[in-house]
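Student: Any chance you could fold what I've pasted below:
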Amino acid sequence: MGLLMRVALVHDWLTGMRGGEKCLEIFCELFPWADLYTLVYVPEKVSPTIRKMKVKSSFISRLPRAKQVYRYYLPLFPTAIERFDLAGYDLVLSSSHCVAKGILPNRALHIAYVHAPMRYVWDQHDSYFGADSSWMSRTGMALCRNYLQQWDVRSASRVDYFIANSKNVAGKIKHLYARDATVIYPPVAVQKFNLHPDLQPYYLTVSALVPYKKIDIAIEAFNRMRLPLKIVGEGPLRTRLQKLAQPNIEFLGWLNDHDLAVVYRHCQALVFPGEEDFGITPLEAQASGRPVIAYGRGGALETVMPLDTDNITPATGIFFSQPTVEGLVAAVELYQRHRERFEPATIRHHAAKFSGERFKAEISDYITARIGERKTEAKRC
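Tutor: Numbering: from 1, shown residues only. Predicted structure coming up:
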């Protein structure tokens, strides 16, 4: 992967630092000379590594209040991503959970790292546009959902190779696009987290406050148990969720890396009530030596070793099978009965398997191999 290669990175939007942006940081480290394309760019919300890049945003960023309400422009996203001119690039590496994988790569080799197919129109549609959403949102999605689904499937043909962030997502890619995907798990900055013997009574949730995260389940469960819960995160549901919460629940907003590491290492356990395609926060908690109480679906099944009360095999968390208040309450009570089974050093050792160094090496090796294959094919022609 030499400096003579022209590289374009593509990411859906740059408005904060979540799991997808942590992957993008590694891509930026691998290709610091690349151009970075995105729908909406809010520089102060991303890391210095990303800010160093030459970032090119779409016309969406110039629409009214785009930095705050960009999601409302969803029907325009396919057009916006297709308007980017990628003529002259040798490699396009997209980081996609919405439309980035639908970029028109021209003649470049296109490798798509997929965090999730467009969840708003597929498996998470009801979470975003169910009865709790506004009439305007439901009507708008009803009008454009079929178009977005068709575009999403059709645009998959623009990808030469798919990488999935989990076996869970690889299965969705196979189901929706009839394409195979190599699984490379996202990076966890294990070195930013550490163990501490001083545990405090509170439980912890770290999440964007959006519908599919199911934070309302956690709030109602901890209201019922009257146990302390700290919630780290921001999002459009914050006001509504705060109204549900009793005084034992504290909203902290987004925290910087140092403060986040502190609340992780002192908590009883991370509460993870939603279904994620992968989920970085369970591994951040485990890197801090803390167990995870998670809904037993999606990516958590690949990152958490569940407690088996019938034997003494190592465990890093507890699953609950139904996404209900009752299911979460039962799981917390199970943790309280067996908390001595969770060994912090063992939990951290498990998280170390998902390190950033491992991710960087696997991505680099994968891309190098695909470039080599493309060159071999060109010689044969």
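
Student: Next up, the contacts around Leu301.
Tutor: Asn168, Phe319 (CB atoms under 8 Å, 6 or more residues apart in numbering). C-beta: built from backbone N, CA, C; applies to glycine.

Student: Got the phi and psi for Ser96?
Tutor: When read as degrees, to the nearest 10, the backbone of Ser96 gives phi -130, psi 130.

Student: Please apply the same query to Arg341.
Tutor: The phi/psi pair for Arg341 (degrees, to the nearest 10) is phi -80, psi -10.

Student: thinking it is in contact with Asp308, fair?
Tutor: No - with contact defined as CB atoms under 8 Å, Arg341 does not count as touching Asp308 (9.5 Å).

Student: Next, show the common contact partners of the two.
Tutor: Shared contacts of Arg341 and Asp308 (CB under 8 Å, 6+ apart): Ala315.

Student: In terms of neighbours, single out the busier of these two.
Tutor: In terms of neighbours (other CB atoms under 10 Å), Arg341 is the more surrounded of Arg341 and Asp308; the figures are 17 against 11.

Student: Tell me the spacing between that one and Gly317.
Tutor: Here Arg341 is placed at a distance of 11 Å from Gly317 (CB to CB, to the nearest Å).

Student: Touching both of those two, which residues are there?
Tutor: Leu307.

Student: does His258 count as helix, strand or coil?
Tutor: In three-state terms, and counting by DSSP: H, G, I helix; E, B strand; the rest coil, His258 is helix.

Student: Report how many residues lie close to it.
Tutor: If you count neighbours by other CB under 10 Å, His258 ends up with 8.

Student: likewise Thr368?
Tutor: Neighbours around Thr368, by other CB under 10 Å: 11.

Student: swap in Leu334?
Tutor: 16.

Student: any idea which helix or strand carries it?
Tutor: Using DSSP states H and E, Leu334 sits in helix 325-338.

Student: mean confidence score for that helix?
Tutor: On average, the pLDDT along helix 325-338 is 97.

Student: tell me how far the helix ranked longest in the chain is from the chain's mean position?
Tutor: Longest helix of the chain, by residue count under DSSP state H: helix 356-380. Distance of helix 356-380 from its chain centroid, counting by CA atoms, centre = their mean, to the nearest Å, is 24 Å.

Student: same for it, what does it pack against?
Tutor: In this structure, helix 356-380 packs against helix 19-30, strand 91-96, strand 109-114, strand 161-164, with contacts taken as 3 or more CB pairs under 8 Å, 6 or more residues apart in numbering; DSSP states H and E.

Student: List the buried residues in the first one.
Tutor: Applying a neighbour-count criterion of 16 or more other CB atoms under 10 Å, the buried positions in helix 19-30 are Gly19, Gly20, Glu21, Lys22, Cys23, Leu24, Glu25, Ile26, Phe27, Cys28, Leu30.

Student: Show residues contacting the longest helix of the chain.
Tutor: The contact list for helix 356-380, computed with CB under 8 Å, 6+ apart, reads 1, 5, 22-23, 26-27, 29-30, 91, 93, 109, 111, 113, 160-161, 163, 182, 184-190.

Student: now the angle between strand 109-114 and that helix, please.
Tutor: If you take axes from the mean of the first three to the mean of the last three CA atoms, to 10 degrees, helix 356-380 sits at 150 degrees to strand 109-114.

Student: show me where the chain has strands.
Tutor: Ranges of strands in the chain, per DSSP state E, are 7-11, 35-38, 54-57, 91-96, 109-114, 161-164, 181-183, 203-206, 229-232, 249-253, 270-272, 292-295, 317-320.

Student: what about the nearest residue to Tyr264 once chain neighbours are set aside, how many neighbours?
Tutor: In this structure, Tyr264 finds its nearest non-sequential neighbour in Ser288, 3.9 Å apart by CB to CB, 6 or more residues apart in numbering. Neighbour count of Ser288, defined by other CB under 10 Å: 27.

Student: what sits against Ser288?
Tutor: Counting by CB under 8 Å, 6+ apart, Ser288 has contacts Phe193, Asn194, Leu195, His196, Ala261, Tyr264, Arg265, Arg348.

Student: Around the residue nearest to the fourth one when sequence neighbours are not counted, how many other residues sit close by?
Tutor: Nearest in space to His196, with sequence neighbours left out and distances taken as CB to CB, 6+ apart, is Arg265 at 4.2 Å. Neighbour count for Arg265, taken as other CB under 10 Å: 21.

Student: and Arg265, what is it in contact with?
Tutor: Residues in contact with Arg265 (CB under 8 Å, 6+ apart) are Phe193, Asn194, Leu195, His196, Ser288, Gly289, Arg290.

Student: Could you rerun that using 10 Å?
Tutor: 193-200, 285, 287-290, 344 (CB atoms under 10 Å, 6 or more residues apart in numbering).

Student: For this protein, which element, helix or strand, carries the lowest mean pLDDT?
Tutor: helix 125-129 (a mean of 65; mean pLDDT, DSSP states H and E).

Student: of the buried residues of helix 19-30, closest to Gly296?
Tutor: Gly19 (19.6 Å; CB to CB).

Student: tell me the pLDDT at the closest residue in space to Lys54 that isn't next to it in sequence?
Tutor: With sequence-adjacent residues excluded and distances taken as CB to CB, 6+ apart, Lys54 is closest to Asp35, at 5.1 Å. Looking at Asp35, its pLDDT is 98.

Student: likewise Asp257?
Tutor: 89.

Student: which regions of the chain sit below the pLDDT cut-off?
Tutor: 1-3, 124-133, 135-137, 381 (pLDDT under 70).

Student: can you list the domains in it?
Tutor: For the chain, automatic domain parsing gives the domain ranges 7-187+355-380, 190-354.

Student: Against Lys213, how distant is the nearest residue to His350 once chain neighbours are set aside?
Tutor: Excluding the flanking residues, the one nearest His350 by CB to CB, 6+ apart is Thr316, at 5.2 Å. To Lys213, Thr316 is 21 Å away according to CB to CB.

Student: returning to what we had before: could you give me the PyMOL syntax to select whichever of the contacts of helix 356-380 are buried?
Tutor: A single PyMOL command suffices to select whichever of the contacts of helix 356-380 are buried according to 16+ other CB under 10 Å:
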select buried, resi 22+23+26+27+30+91+93+109+111+113+160+161+163+184+185+186+187+188+189+190
